[in-house]
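In: Let's see this in three dimensions:
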Amino acid sequence: MKKRTTRLLFWAFFIIGIAVGYLLPGDVGFLTKKVSEKPLQAGIFNVPKRLGQLDLQTDYFKYTVLAQAETGGIELIRLDESIPMHMHPKENHFLYVFKGRAKGTIGDVTAELVPGQLAAIPAGAPHSLERVGDTPLELILFSTPPFVPEDTIFLEKR
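Out: Next up, the predicted model:
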């Protein structure tokens with residue numbers, strides 16, 4: 001093919017791609033990954049009661065979603081063991097320790113976390129949690145954008 005024909009085809013496909021992308025609806029399932037387009041709903045949550053009703057699970061912890069909107073979410077988490085070093089490329093996390101104790105590492109900083117403490121974990125920062133003692137670690141996770149377990153990148157295994 002001549003250079004001119006190749007260039008013409010490139011621009012034609014480019015313009016068609018932009019037009020198709022503009023005309024497609026906002027959430028096209030497999031093409032986009034929208035968590036929620038609903039605005040945040042007002043709510044009051046009984047945290048101790050809801051910690052007894054955890055309905056979702058990953059390989060490392062059980063959790064439930066309390067509230068979620070396109071811009072962020074709140075989850076309750078119970079950790080019985082540990083979560084190895086991992087990161088979330090897009091999510092900022094704020095972990096509030098509700099019950100139990102843990103050794104937490106965020107980047108190069110390691111500290112003991114106890115009830116009443118809050119850990120701020122920027123997007124892309126490697127971090128891990130290890131329960132200390134016999135009491136399960138119960139956390140409130142505030143994340144922005146919302147927590148998506150499939151977006152977790154594990155840097156080491158348990």
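In: How is the protein divided into domains?
Out: Domain ranges of the chain: 1-32, 47-154, per automatic domain parsing.
In: looking at these, which is closest to K38?
Out: domain 47-154 (6.6 Å; Cβ to Cβ). In short, each C-beta sits where N, CA and C put it, glycine included.
In: Any idea how far apart the tips of the closest one sit?
Out: Using Cα to Cα, to the nearest Å, the span of domain 47-154 from its first residue to its last is 28 Å.
In: quick one: it to chain centroid distance?
Out: Remark: domain 47-154 is offset 9 Å from the chain centroid, using Cα atoms, centre = their mean, to the nearest Å.
In: What of stretch 146-155?
Out: For stretch 146-155 - counting by Cα atoms, centre = their mean - the centre lies 6 Å from the chain centre.
In: Do me a favour and average the pLDDT over it.
Out: Stretch 146-155 carries an average pLDDT of 91.
In: Any buried residues in it, and which?
Out: P146, F147, T152 (16 or more other Cβ atoms under 10 Å).
In: Throw the domains of the chain into TSV and include distance to K38, thanks.
Out: Formatted as TSV, the domains of the chain follow (distance: least, Cβ to Cβ, whole Å):
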stretch	distance to K38
domain 1-32	12
domain 47-154	7
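In: ok, of the buried residues of stretch 146-155, which one's closest to K99?
Out: Among those, and counting by Cβ to Cβ, the member closest to K99 is F147, at 19.5 Å.
In: and the closest one, what does it touch?
Out: G73, E75, H88, E91, H93, L141 (Cβ atoms under 8 Å, 6 or more residues apart in numbering).
In: Quick one: neighbours of A67, just the number.
Out: 16 (other Cβ atoms under 10 Å).
In: for the most centrally placed residue in the chain, phi and psi?
Out: The centroid of the chain falls nearest to F147 when counting by Cα atoms, centre = their mean (2.3 Å). Note on F147: backbone dihedrals following degrees, to the nearest 10 are phi -60, psi 130.
In: same question, L79
Out: Here L79 shows phi and psi, under degrees, to the nearest 10, equal to phi -110, psi 120.
In: Not including adjacent chain positions, what is the nearest residue to it?
Out: Excluding the flanking residues, the one nearest L79 by Cβ to Cβ, 6 or more residues apart in numbering is L137, at 4.2 Å.
In: between the contacts of F147, which is closest to P126?
Out: H88 (9.9 Å).
In: how far away is that closest one from G52?
Out: From H88 over to G52 the distance is 27 Å, taken as Cβ to Cβ, to the nearest Å.
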